[in-house]
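S.K.: Coordinates only, no sequence provided:
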Ligand SMILES: [Cu+2]
């Protein structure tokens, strides 16, 4: 995913050197008993702190939700784990803690960590009191990359996904849960109108035809702009056309309304009720989500080198038999549905397919860690 602060492991040595050169910002001087004050600003999708380093002792966090959906703040580290209640957009909360020296992770715990995975995560260094010049106060990792050291868990991860089971093509049609989606759509501001047209025309519809084809890809979640993907899909559509899609590069530009979407994200709870991304998709968990560009061929003729591709391996949303959408909250279902959506690139004509898009699912798919 597009973590601004992910430090590639092979650059750690360089980052350390850079940090030593930058040296530490000493904690602000204050009376020993006066609590430090740190303001935290929450928004989609980041946590911004007024201080990167403070001295050990009492601290009061003043937290403002400057975003458009509810968030919260959790402070974790040195055996402390404390969080605020949910903070509505525009509201503030405070959290008073006493912190020992160490490094703390501050993140938004909303949405089973989906907000955290989208970037709502930062770090705070607490230096031993009165030891501002001590090496312990050096927040290495605060480098030109502009963030904190990435936790080990954020290092390179990869997934190999293979489509399987019944293959279906989804055609334009109405979204089957308009009443559930309507209140969520209210929060989408300028984009609401465009999204509302999808309530009538899909692509998330129950208008489904059986298809056949194969799809397999590998995706690498390497942080910043280094995510990558490599895969091929081949399938037939209702009209008998044969399509081939080669995906070999990720799309890292912001997706409207939700900046930080793009590239490869492993593990995400979103859509539906979560207020993360469009509610015109049921609430789901995804093992991997990819935004990519693809080379698209129809009956062996190149259609475009810039097809916009969105792929998810997610909780099953469709029932067997007629493959209608079976749930508004599908997040507890087995993760085995592989969705492939293909749209024309910016300014390009619609595809020769119903609705001008291609949307194909492999209903019983699987994933594994690729051999490295
Ligand atoms: Cu949040």
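M.R.: Received the coordinates, thanks. The structure displayed is predicted, hence computed values, not measured ones. Numbering: from 1, shown residues only.
S.K.: Next, work out how far apart the most centrally placed residue in the chain and the ion are.
M.R.: With distances taken as C-alpha atoms, centre = their mean, the residue of the chain nearest its centroid is residue 118 (4.1 Å). Noted for residue 118: a distance of 8 Å to the ion, by C-beta to the ion, to the nearest Å. Just so you know, the C-beta spots here come from the backbone N, C-alpha and C atoms, and that holds for glycine as well.
S.K.: just the residues of the chain that are near the ion, which are they?
M.R.: 71, 108, 110, 115 (C-beta under 5 Å from the ion).
S.K.: now with 8 Å?
M.R.: Within reach of the ion by C-beta under 8 Å from the ion, the chain has these residues: 42, 44-45, 67, 69-72, 108-111, 115-116, 120.
S.K.: wait, what's in contact with residue 212?
M.R.: By C-beta atoms under 8 Å, 6 or more residues apart in numbering, residue 212 lies in contact with 167, 235-236.
S.K.: Secondary structure element holding residue 314?
M.R.: Assessed by DSSP states H and E, residue 314 sits inside strand 301-315.
S.K.: partners of that strand in the sheet?
M.R.: According to DSSP bridges, strand 301-315 forms sheet pairs with strand 284-298 (antiparallel), strand 335-343 (antiparallel).
S.K.: Check the gap between the closest residue to the residue nearest to the centre of the chain other than its chain neighbours and residue 277 for me.
M.R.: Spatially, and ignoring its direct neighbours in sequence, residue 118 is nearest to residue 45 (3.9 Å; C-beta to C-beta, 6 or more residues apart in numbering). Residue 45 sits at a distance of 11 Å from residue 277 (criterion: C-beta to C-beta, to the nearest Å).
S.K.: Tell me where the stretch 101-250 of the chain has helices.
M.R.: Along the stretch 101-250 of the chain, counting by DSSP state H, counting those that start in this stretch, helices occupy 114-117, 178-185, 192-201.
S.K.: could those helices go into TSV alongside distance to residue 241?
M.R.: Formatted as TSV, those follow (distance: least, C-beta to C-beta, whole Å):
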stretch	distance to residue 241
helix 114-117	36
helix 178-185	31
helix 192-201	21
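S.K.: and those, which is most packed in?
M.R.: helix 114-117 (a mean of 24; mean count of other C-beta atoms under 10 Å).
S.K.: What is the subsequent helix or strand relative to the lowest-mean-pLDDT helix or strand in the chain?
M.R.: Among the helices and strands of the chain, helix 12-22 carries the lowest confidence by mean pLDDT, DSSP states H and E, at a mean of 38. Helices and strands here follow DSSP H and E; after helix 12-22, the next one along the chain is strand 36-43.
S.K.: Quick check: mean pLDDT of that next one?
M.R.: Confidence for strand 36-43, expressed as mean pLDDT, is 94.
S.K.: That strand packs against which elements?
M.R.: If contacts are counted by 3 or more C-beta pairs under 8 Å, 6 or more residues apart in numbering; DSSP states H and E, strand 36-43 sits against strand 46-49, strand 53-55, strand 57-65.
S.K.: One more pass at 6 Å, please.
M.R.: On a contact count with 3 or more C-beta pairs under 6 Å, 6 or more residues apart in numbering; DSSP states H and E, strand 36-43 meets strand 46-49, strand 57-65.
S.K.: who wins for proximity to residue 308 among these?
M.R.: Of all the helices and strands packed on strand 36-43, it is strand 46-49 that lies closest to residue 308, at 25.1 Å by C-beta to C-beta.
S.K.: quick one: buried residues of the closest one?
M.R.: Within strand 46-49, the residues scored as buried using 16 or more other C-beta atoms under 10 Å are 46-47, 49.
S.K.: Quick check: neighbours of that strand in the sheet, parallel or antiparallel?
M.R.: strand 36-43 (antiparallel).
S.K.: The partner strand versus strand 57-65: what angle between them?
M.R.: Going by axes from the mean of the first three to the mean of the last three C-alpha atoms, to 10 degrees, strand 36-43 is angled at 20 degrees with respect to strand 57-65.
S.K.: Other residues contacting strand 36-43?
M.R.: 48-51, 54, 59-67, 71, 73 (C-beta atoms under 6 Å, 6 or more residues apart in numbering).
S.K.: Show me which pair in those is furthest apart.
M.R.: Using C-beta to C-beta, the two most remote members of the contacts of strand 36-43 are 54 and 67, lying 24.2 Å apart.
S.K.: Of the two, which one has the most company?
M.R.: Taking other C-beta atoms under 10 Å, residue 54 and residue 67 do not tie; residue 54 has more neighbours (24 against 20).
S.K.: just to revisit the earlier point, just read off the phi/psi values of the residue nearest to residue 118.
M.R.: Torsion angles at residue 45 (phi, psi; degrees, to the nearest 10) stand at phi -130, psi 70.
S.K.: how close does it get to residue 273?
M.R.: Between residue 45 and residue 273 the distance is 18 Å, computed by C-beta to C-beta.
S.K.: neighbour-wise, which of those two wins?
M.R.: residue 45 (24 against 17).
S.K.: residue of the stretch 251-372 of the chain with the smallest distance to the ion?
M.R.: residue 276 (8.7 Å; C-beta to the ion).
S.K.: Quick check: closest non-adjacent residue to that residue.
M.R.: For residue 276, the spatially nearest residue (C-beta to C-beta, 6+ apart) is residue 270, at 3.9 Å.
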